[in-house]
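>>> sequence isn't available, so here's the structure alone:
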């Protein structure tokens, strides 16, 4: 005989028996009813076991999601990561103009950046086309201002000076984990090694310098 058959009936079982006796035919024996109760008890235990397993799997998933939401260790964070965590209303007080412009470009990258030309002009040794910004491309707007200045003005709500934009681009590359390198021959600056790369390059006619910035992960 199984262990279930040897288990004494509880008060709840007897209450169920009384209910079943009221609901069933008179021909149903007491042994049949008791067997039905035991079957129900086995089903209930199985359901409880399945529910515990389900609850455990849900709790484990919640733990994983919570861990995914935890901020990275401070040692792994770049200054740019820290800047993006500052409330919008506090940024003007806590960040310099260059840092504020850098964070704005980073957060609004999809609306500010565009497809740059390919080849060594922008991509160094690679011929891949980059998505980024530069300071010499003209906008399709009245008086043909700088495209970067035109788009950045919309995001900032004020008109940044050219030098502020230059410093903002370089700051973004530096604060994303890059290091500054100065070319010994030209004296132009490059910032490499971070999420963004910044380069100062000669214009096509060689008469001026343009500043170029792109993301290294795209």
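Yep, it's here. Computed from a prediction, not measured in an experiment: that's the story for all the values here.
>>> helices of the chain, residue ranges please.
Under the criterion DSSP state H, the chain contains helices at 3-6, 11-23, 30-69, 79-84, 88-94, 97-107, 109-112, 120-123, 147-156, 162-175.
>>> and these: which comes nearest residue 208?
Across the helices of the chain, the minimum distance to residue 208, taken as CB to CB, is reached by helix 162-175, at 11.9 Å. Every residue, glycine included, has its C-beta placed from N, CA and C.
>>> got the contact list for that closest one?
For helix 162-175, the surrounding residues in contact (CB atoms under 8 Å, 6 or more residues apart in numbering) are 78-80, 83, 97-106, 133, 135, 146, 148-149, 152, 160, 180, 189, 191-192, 194, 196-198, 211, 213.
>>> any of those residues buried? List them.
For those, a neighbour count by 16 or more other CB atoms under 10 Å gives the buried set as 78, 80, 83, 97-106, 133, 135, 146, 148-149, 152, 160, 189, 191-192, 194, 196-198, 211, 213.
>>> which residues does residue 214 bridge with?
Under DSSP bridges, the beta-bridge partners of residue 214 are residue 132, residue 197.
>>> doesn't residue 132 make contact with it?
Yes: counting by CB atoms under 8 Å, residue 214 sits close enough to residue 132 to count as a contact (3.0 Å).
>>> more crowded one of these two?
Neighbours per residue, other CB atoms under 10 Å: of residue 214 and residue 132, the larger number sits with residue 132, 25 against 21.
>>> contacting residues for the residue nearest to residue 183 when sequence neighbours are not counted?
Nearest residue to residue 183, sequence neighbours excluded (CB to CB, 6 or more residues apart in numbering): residue 190, at 6.9 Å. For residue 190, the contact set (CB under 8 Å, 6+ apart) comprises 180, 181, 182, 183, 197, 198, 199, 200.
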